[in-house]
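>>> Fold the following for me, if possible:
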Amino acid sequence: MLDAVHELMHLARSRMRQLMVGAGHTLGPMEGRALAFFVRQPGSTLSDLVAHAGRDKGQLARLVGSLRDLGLLESRPDEADRRVSRLYPTAAALDIHQRVGAIRRQVAQQAVAPLSAAERVQLADLLERMNRQLRP
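Predicted coordinates for the structure are as follows:
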C-alpha cells in the first residue's frame, strides 16, 4: 500500500514539475514549500520556518536569502523587537503561489478523474484516517 502511495506522489510531483517548467517556473521544490509557508503565514520569521520544516537553520537561511534576492520575500523589522526580521511575500510571490496552486489543482483533478464523487469522498476519508493513525 505504501508503495502505491509513494508511486502516486512521485507521478503527481513529476507531472507538476513538467507543467511548472512549461509555464516558466524555475523554483525548486524546497523553495516552493518555503515560499508557500510565508504566503500562508506572512510576517513569520526564519525561526518559524525552521520549526515548521524541521530543516537545518543554515540551509533555510540560504534558501530565504535566495528568495529575497529573487524579489519574492521582503524583510521588515518586528515592531516590538527591531532585532527580529519578519518575512513577507511580495506581489510576485503571491502571483507565483497562485499559478502553482492552479497547477496543483489541475494535477489533482487529473488524478481523481476516474473516481466517482462518492469514491473521492471515501478516499479522502481513508487517507485522513491513515494520517491520524501515524501522527504522534
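
>>> Tell me who's in contact with V64.
34, 46, 49, 73, 87 (CB atoms under 8 Å, 6 or more residues apart in numbering). No exception for glycine: its C-beta is placed from N, CA and C like everyone else's.

>>> What strand or helix carries it?
helix 57-69 (DSSP states H and E).

>>> same question for that helix, mean pLDDT?
Helix 57-69 carries an average pLDDT of 95.

>>> other SSEs contacting the following helix or strand past it?
Next helix or strand after helix 57-69 toward the C-terminus (DSSP H and E): strand 73-77. Helices and strands touching strand 73-77, by 3 or more CB pairs under 8 Å, 6 or more residues apart in numbering; DSSP states H and E, are helix 57-69, strand 85-89.

>>> quick one: which of the contacts of V64 has the most company?
A34 (25 neighbours; other CB atoms under 10 Å).

>>> isn't there a strand covering it?
No: assessed with DSSP: H, G, I helix; E, B strand; the rest coil, A34 is helix; it does not lie in a strand.

>>> Name the residues that touch the helix or strand where L94 lies?
Per DSSP H and E, L94 falls inside helix 91-112. Applying CB under 8 Å, 6+ apart, the external contacts of helix 91-112 come out as 8, 12, 15-16, 19-20, 23, 25, 27, 32, 35-36, 38-39, 67, 71-73, 89, 120, 123.

>>> and among the helices and strands packed on strand 73-77, the most buried is which?
Per residue and on average, the most neighbours among the helices and strands packed on strand 73-77 fall to strand 85-89, with a mean of 18 (mean count of other CB atoms under 10 Å).

>>> can you list the weak-confidence ranges in the chain?
Scanning the chain for pLDDT under 70 picks out nothing.

>>> mind checking the SS state of L27?
Taking three-state DSSP, the label given to L27 is coil.

>>> Just give me the residue right at the centre of this protein.
Geometric centre of the chain, nearest residue: R33, 3.2 Å, by CA atoms, centre = their mean.

>>> Distance check, it against I96.
13 Å (CB to CB, to the nearest Å).

>>> ditto for A53
For A53, the distance to I96 (CB to CB) stands at 19 Å.

>>> As CSV, the helices and strands packed on strand 73-77 with distance to N131 would be great.
Shown next, in CSV, are these (distance: least, CB to CB, whole Å):
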stretch, distance to N131
helix 57-69, 25
strand 85-89, 27
